Every structure is written in C-alpha cells, then in structure tokens.
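> give me coordinates for this.
(one chain, ligands or ions: 2)
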Amino acid sequence: MTHHPPPPKLSLLPETAPFTPEQRAWLDGFFIAALGLSDSGITALSPQESAALLAGGASAAEDDDNAPWHDQTMPLAERLKLADGKPLRRRMMAAMGQQDCGQCGYNCQDYADAIFSKKEAKLNLCVPGGKGTLRTLKSLYGEMGAAAAPSIVPATSQIATPAAPLDARAAALGRSRDTPAEAVFLSRTRLNKPGSAKETWHIEFDLTPSGLDYVVGDCFGIYPSNDPALVAAVIAALGAPADFPIKGRKLRDVLGDGVALGAAPDSLFQLFSYITGGDRRLKAKALASGEDPDGDALTLDVLAAMEKFAGVRPDPEAFIEALEPMQPRLFSIASSLKSNPGRVALTVDAVRYKTGKRARLGVASTFLGERASPGDTVKAYVQRAQHFALPENPATPIIMIGPGTGVAPFRAFLHERMATKAAGRNWLFFGHQRRDYDFFYEDELAGMRAAGVLTRLSLAWSRDDEKKFYVQDRMREVGRDLWAWLADGAHVYVCGDAKHMAKDVERALVDIVAQFGARKTDEAIAFIADLKKRGRYQQDVY
Ligand SMILES: Cc1cc2nc3c(=O)[nH]c(=O)nc-3n(C[C@H](O)[C@H](O)[C@H](O)COP(=O)(O)OP(=O)(O)OC[C@H]3O[C@@H](n4cnc5c(N)ncnc54)[C@H](O)[C@@H]3O)c2cc1C
Ligand SMILES: NC(=O)c1ccc[n+]([C@@H]2O[C@H](COP(=O)([O-])OP(=O)(O)OC[C@H]3O[C@@H](n4cnc5c(N)ncnc54)[C@H](OP(=O)(O)O)[C@@H]3O)[C@@H](O)[C@H]2O)c1
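Ligands and ions are numbered 1, 2, ... in the order given. Predicted structure coming up:
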C-alpha cells in the first residue's frame, strides 16, 4: 500500500489544477514556504477584531483618530458617543451616514470639513443619514456660535437659484449634482421574470445631446419627479389652488420636482406648531424636536403629516419653505461607453412598500421604473468614482461580488474588458432571491462565459431552499480558489447593500485569507486592510 504524504492544511492551488496529490502537496509546501506563510488555523472574529477590520485597519491608523465611527452599520447615537470629546469637525463627521456614498457630492469626512470651514452652507445633503443627521448637524453647527448661520437652505431658494459650484470640476454641465445636464430617457426593461417578489429594471439613457461621458465604476445621478397622484393628494390636503404662484412657478410644478415629499421634515412640524393650538400644538412641537409622541414618527411622510394635522392649512409658500429640496439619487453605471457609445445603462430596484393603507413609492426608483417616458429629458450628472475602477493593468485578474442590483457596475466592467480585449481573468459572484425569477442578465452572462470573458460565474440563491444561501456562503465554498486568485494579484470589488452584505462579505474574505493564506485572524484582517490601502479591495455600497 502506498502512503501519500498528508496534504498540507493550506493550499494555494485551485482544486481543478491538474496535479496528482503528491505534486499538489509538494507545490503547496513550496509556495507556502516561498511566500513566507505560516500554517495556522482560523478563529472567529472577536468584536475588537471586527471593529479594527471595519475601521479600515492600517489605512485608518494613519487618520488622526482612526475615525472609529466610520461604520455605516453603527446607529447614530453610538457614533456620536464614539466622537464625544473630539474636535467639532470630527463630531460632524460622526453624524453623517458614514457610507462615503457620494450623494452629497463629497465623502463623509470632506462634507463635515466643508461644513466646519463654512465652505458648504447646506446641512441637509446626507441622504442615508436623513433627519437624524440633519438635526445633529444643526445642533453642532449651533456650537460654532454661528447665530446667523443657515441651518438649511430652504427649498424655494434652491428652486430659483442653484447653489454655486463646489469647485472647478462642477463648472462643466453634468459633472456634479449642482450643475446637472439633460439626459434623454430611452427605455426600461424588467430584469425579473413574472412571479418574482422583486421589481428591477434595466434602464437606458441617451447621453448624446448632453455630450456627457463617464468611465466604468462611475455613478449616474438623476433628479426625479414626484408621483403626480401624491402631488395631487398633497395639494388637496393643503386646500390651495394647484396653480398658486411660488417664485414664478406653479405650486403643482414645485411639488412635482422642487421638493421632497418623503419623510416630513422637522421644519414642517415647526410650521404646524405655529398655526395650531392645544394638544396638537404640543404634538407638533414634540415631533419638530425629534420626539415621537404617538409612536408613528417614522411613518410620517409629508402627506401623512398633513393628514395627522388635518385641517391645519399653512400658507402655500410657507409650506413649501418648510419642505426639503428634492435630492438627486445615485445609481451605479451598468454599461461601458466602449461597447455602447453615447448611452448609459442602470440596474434599478423599484422601492415600493405599504404603510397603513397607502402604497409608498421610492421617488427615484419608481420614477425610472414607472413614470419616465421614452424621450423625456431628465436632469442628470455623472458622479466620478473616487475609488472604484478597473485595475490599470488589463491583465490583472478581478473578483466581483455583486448580489442584487450590486451586479450593475460589474456588467459595466465586463463590457469594458470585452471591448478592450483585456487579458485579465474575471470572476463574478452574483446572487439574488430565486434563480428562475431573479437571474439578471442571465443570457448576457452566459454569452460572456462562452466567449471566455467571464472566466468564472458563482451563483447564490437565497430563497430557493429553506436555508438562506448568500454570495459569501458560495465564496467560503470556493475559498481555496479565491485565495489562489488573490495570490495571483486579483483585485476584489464589492457592490450592493451596505448595511449587511458588504460587512458579511468582508468577514468571509477574512476567514478565507486566514484559512487558505495561512494567517491568524488579526493577520488576515491586516491583509484585507492592506488590500484596501493598495486599492485592491474596492467597494461601491449603498
Ligand atoms: C453610490 C450609490 C450607488 C447606488 N446604485 C444603485 C443601483 O445601481 N441600483 C439601485 O437600485 N439603487 C442604487 N442606489 C440606491 C439609490 O440611490 C436609491 O437610494 C434607491 O433607488 C432608493 O431611492 P428612491 O428615491 O427610489 O427611494 P426614496 O424615496 O429615497 O425612499 C427610500 C426610503 O424609503 C424607506 N423605505 C424603503 N423601503 C421601506 C420599507 N419596506 N418599509 C419602510 N420604509 C421603507 C426608507 O426610509 C428608505 O430610505 C445607489 C446608491 C448609492 C449611494
Ligand atoms: N434596509 C435593509 O434592510 C435592506 C436590505 C436589503 C436591501 N436593501 C436595499 O434595497 C435596495 C435594492 O436591493 P437589491 O434589489 O439590490 O437586492 P437586495 O434586496 O439587496 O438582495 C439581493 C440578494 O442579497 C441577499 N442578501 C440579504 N442579506 C444579505 C447579506 N447579509 N449578505 C449577502 N446577501 C444578502 C438577498 O437575500 P434575501 O433578501 O433573501 O435575504 C438577495 O438574495 C438596495 O438599496 C439595498 O441597499 C435594504
């Protein structure tokens, strides 16, 4: 009987590599020794290690205070606690949504710094942070002793006079949220099959009239308009004529695209408190200061707030002043100009849910998924990605992890690599609820597999079996190969849900590096942090 040498616990070789067990054992030993790796097992992440991981490890250590609050999954109160006693600009940063999502036109730290240095007057730009961030920023701004400082720029001022460009880049039309260009809506195609629980659209715009361009990895910002039925209901609740003049426009039009009809802002409750009395006045005051007297504060959009204070009829102009201006929404670009000149494509999940009896609509996603018509012009801009791009070297392998709409930028990457005949290998992890209904771009991906552009496609369906199965579960299954790609210099990209998925994927990668890269957990965390620092681990999460 022949005795094979026991296989090393770690292997850098793909399972499919054509080696005998002896050859595999020898080669693994050789690579592990050559790379100076040690053979250690994996352990679960301790809370401290997770915190270090999420704080960005080595790169964050260069920060003046490690910005430990820079974690989108941490509640606002906890982030503020961590920043307690820090300089004001850092407390302002802790108040942000912490996604570096770019919707405000900055990353979180730069937005805080711009407010602190008074270069930015608008305190209401953080979409993920919502009302909590706005309230906190107003109070922190107050600490600057800026009695006359603008707490927010009122909606009507922004309708009449767009804010000044933030910097030279903004001067060109369509290059920033402050200077949108006009894109022409072309088409929408449903990406789910009938029977899906999701409603996701492939959207295309024509950029030729605007001359806008972009590179893969960038995002497309659009200014949506509100649902006309919602606008009509608000006008009815206000009891004002639809053509009531507001700064040269009609009330109907200002409500259509000038103001946000989502979460009722504190200033609306403030207004109600001025023009109502008794118990209702107290309630309005409480709501304006962030309290929740009836336990329904989170359900109050502008219309629900008006219904709660039914019969309170503010002056239409004061009402508009009390609302927030319409904010643009960003979408990851899902196309490449190299394969689709003059066009931009998006992958958009329509946000719809019910509160009580009323259907609520995500303004931008349903604008794209339902209300925009072919030929309509839409105010739009390209938000340049700061840290989300293909590797410079076209031969570098890439690993893309993008469940749900997270697949969008990876479709763009694949189109680009196909158009440029890039030699690098491409591995996509995609997942969604059910294979038969939610396999976005299935035929296209199959075509790219057949053409050899998509080297490997790994799928994870969360609702096909009783037990949830996610992209990170698939990654763990093929961890040995993932490590081999990493050892070959692959860049890793993650796109999609910021709150849970991105964190879980990162944790899985740490475990994979620990297990197959022969590192202790803290070394694996440092390894991932180093990948981030070198631009080899990039995220586009929201
Ligand atoms: C960098 C970046 C890239 C992005 N890329 C994409 C992309 O490629 N594809 C894509 O689809 N989206 C993408 N998004 C998200 C997108 O910008 C919008 O946030 C999303 O489309 C929802 O916007 P909306 O205007 O339709 O919804 P909104 O009107 O903003 O409503 C959303 C709000 O509704 C509430 N809500 C939602 N669901 C429920 C519920 N079930 N119950 C109670 N309340 C609820 C929440 O308060 C939520 O914040 C990206 C975001 C960023 C920052
Ligand atoms: N606020 C939230 O809790 C929440 C949750 C999800 C998405 N979103 C937002 O909804 C929008 C659109 O989402 P989408 O259409 O792209 O798809 P999605 O709702 O993000 O779902 C895509 C896939 O990811 C799975 N998933 C859920 N949790 C995961 C996790 N922790 N790790 C890995 N995968 C996970 C989903 O499974 P299951 O749904 O079967 O669990 C689904 O199969 C995004 O803006 C996203 O941020 C918000």
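> look at Arg132 and give its secondary structure.
One correction, residue 132 is Gly, not Arg. helix (DSSP: H, G, I helix; E, B strand; the rest coil).
> what mean pLDDT does the helix or strand hosting Asp110 get?
Here Asp110 sits within helix 108-116, counting by DSSP states H and E. What helix 108-116 shows for mean pLDDT is 94.
> tell me which residue of the stretch 101-250 of the chain lies closest to ligand 1.
The minimum distance from the stretch 101-250 of the chain to ligand 1, using CB to the nearest ligand atom, falls at Cys101 (3.3 Å). The C-beta positions use only the backbone N, C-alpha and C, and glycine is treated the same way.
> tell me, how many residues neighbour the nearest residue to that residue once chain neighbours are set aside?
Among residues not flanking Cys101 along the chain, Tyr542 sits closest, at 5.5 Å (CB to CB, 6 or more residues apart in numbering). Using other CB atoms under 10 Å, the number of residues around Tyr542 comes to 24.
> tell me the contacts of whichever residue of the stretch 351-500 of the chain sits closest to ligand 2?
Nearest residue of the stretch 351-500 of the chain to ligand 2, counting by CB to the nearest ligand atom: Gly404, 2.5 Å away. With contacts defined as CB atoms under 8 Å, 6 or more residues apart in numbering, the neighbours of Gly404 are Lys198, Thr200, Asp349, Gly431, His432, Gly496, Asp497.
> again, only using 10 Å
Shown in contact with Gly404 (CB atoms under 10 Å, 6 or more residues apart in numbering): 198, 200, 347, 349, 430-433, 438, 440, 462, 471, 495-497, 501.
> between those residues, which sits nearest Ala305?
Closest to Ala305 out of these is Asp349 (26.5 Å), distances taken as CB to CB.
> sorry, back to before: does anything pack onto the helix holding Asp110? Which helices or strands?
Here helix 108-116 touches helix 88-95, helix 130-143, going by 3 or more CB pairs under 10 Å, 6 or more residues apart in numbering; DSSP states H and E.
> make a markdown table from the ones you listed and add mean neighbour count, mean pLDDT and distance to Asp65 to it.
Listed next are the helices and strands packed on helix 108-116 as a markdown table, based on neighbours: other CB atoms under 10 Å; pLDDT from 0 to 100; distance: least, CB to CB, whole Å:
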| stretch | mean neighbour count | mean pLDDT | distance to Asp65 |
| --- | --- | --- | --- |
| helix 88-95 | 23 | 95 | 6 |
| helix 130-143 | 18 | 92 | 16 |
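> so which of the ones you listed is nearest Ala121?
Taking the helices and strands packed on helix 108-116 one by one with CB to CB, helix 130-143 is closest: 9.9 Å.
> just want the angle from the closest one to helix 108-116.
Put simply, helix 130-143 runs at 40 degrees to helix 108-116, going by axes from the mean of the first three to the mean of the last three CA atoms, to 10 degrees.
> just checking, what packs against helix 130-143?
In terms of contacts (3+ CB pairs under 10 Å, 6+ apart), helix 130-143 is packed against helix 76-83, helix 88-95, helix 108-116, helix 266-275.
> starting at the chain centroid, how far to the second one?
Per CA atoms, centre = their mean, to the nearest Å, the displacement of helix 88-95 from the mean C-alpha position of its chain is 21 Å.
> could you list the alpha-carbon positions for it in CSV?
Below are the C-alpha coordinates for helix 88-95, written out as CSV (Å, rounded to 0.1, in the frame of the first residue of the first chain):
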residue,chain,number,x,y,z
LEU,A,88,-16.2,69.6,16.3
ARG,A,89,-15.5,68.7,12.7
ARG,A,90,-14.9,65.1,13.7
ARG,A,91,-18.3,65.1,15.6
MET,A,92,-19.8,66.4,12.5
MET,A,93,-18.3,63.6,10.5
ALA,A,94,-19.7,61.1,13.0
ALA,A,95,-23.2,62.5,12.4
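> near the residue lying closest to Tyr441 once chain neighbours are set aside, how many residues? Count them for me, please.
Of all residues beyond its chain neighbours, the one nearest Tyr441 is Arg411 (5.9 Å), with distances taken as CB to CB, 6+ apart. Residue crowding around Arg411 was assessed by other CB under 10 Å; the count is 27.
> Arg411: which element?
helix 408-419.
> and that helix, which residues are buried?
For helix 408-419, a neighbour-count test (16 or more other CB atoms under 10 Å) marks Ala408, Pro409, Phe410, Arg411, Ala412, Phe413, Leu414, His415, Glu416, Arg417, Met418 as buried.
> for the fifth one, give me its contacts.
Ala412 makes contact with 214-218, 332-340, 344-345, 347, 390 under the criterion CB under 10 Å, 6+ apart.
> ok, now the fourth one?
Neighbour list for Arg411: 202, 216, 332-336, 345, 347, 400, 402, 428, 430, 440-441, 444-445, 448 [criterion: CB under 10 Å, 6+ apart].
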